[in-house]
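Everything below, folded, please.
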Amino acid sequence: CRVIGFVDDAPSKWGKTVSGLEILGSTADLADIARKQRVNIVYIAIPSAGRQRISEVIQLCNDAKLKT
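Next comes the predicted model:
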């Protein structure tokens with residue numbers, strides 16, 4: 001596995017870096033980011049998110065045919 005970057009729904013964070021990796025966009029951009037970056041696995045790390053939000057992110061990944 002090689003981490004290529006992060007997504008975050010806060011526009012103020014887009015383009016910034018965390019541990020040398022760029023925040024590439026929002027969760028709504030997952031499908032486009034995955035296609036451009038050749039991603040096939042998404043790790044979800046949103047400790048503050050509730051069950052519903054996690055389910056929404058998983059559905060976005062499923063729609064984009066990404067493993068979670």
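
so where's the protein shaky on pLDDT?
Under the criterion pLDDT under 70, no range of the chain is flagged.

Longest helix in it, by number of residues?
Looking across the chain with DSSP state H, the single longest helix is helix 51-63.

Just the CA trace of it, in PDB.
Listed next in PDB are the C-alpha coordinates belonging to helix 51-63 (Å, rounded to 0.1, in the frame of the first residue of the first chain):
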ATOM      1  CA  ARG A  51     -22.300   6.300  11.800                       C
ATOM      2  CA  GLN A  52     -24.400   8.100   9.200                       C
ATOM      3  CA  ARG A  53     -21.400  10.100   7.800                       C
ATOM      4  CA  ILE A  54     -19.200   7.000   7.700                       C
ATOM      5  CA  SER A  55     -22.000   5.200   5.800                       C
ATOM      6  CA  GLU A  56     -22.200   8.100   3.300                       C
ATOM      7  CA  VAL A  57     -18.400   7.900   2.700                       C
ATOM      8  CA  ILE A  58     -18.600   4.100   2.300                       C
ATOM      9  CA  GLN A  59     -21.400   4.600  -0.300                       C
ATOM     10  CA  LEU A  60     -19.300   7.100  -2.200                       C
ATOM     11  CA  CYS A  61     -16.500   4.600  -2.300                       C
ATOM     12  CA  ASN A  62     -18.800   1.800  -3.400                       C
ATOM     13  CA  ASP A  63     -20.200   3.900  -6.200                       C
END
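
elements contacting that helix?
Here helix 51-63 touches helix 30-37, going by 3 or more Cβ pairs under 8 Å, 6 or more residues apart in numbering; DSSP states H and E. C-beta here means a position set from N, CA and C on the backbone, and glycine is covered the same way.
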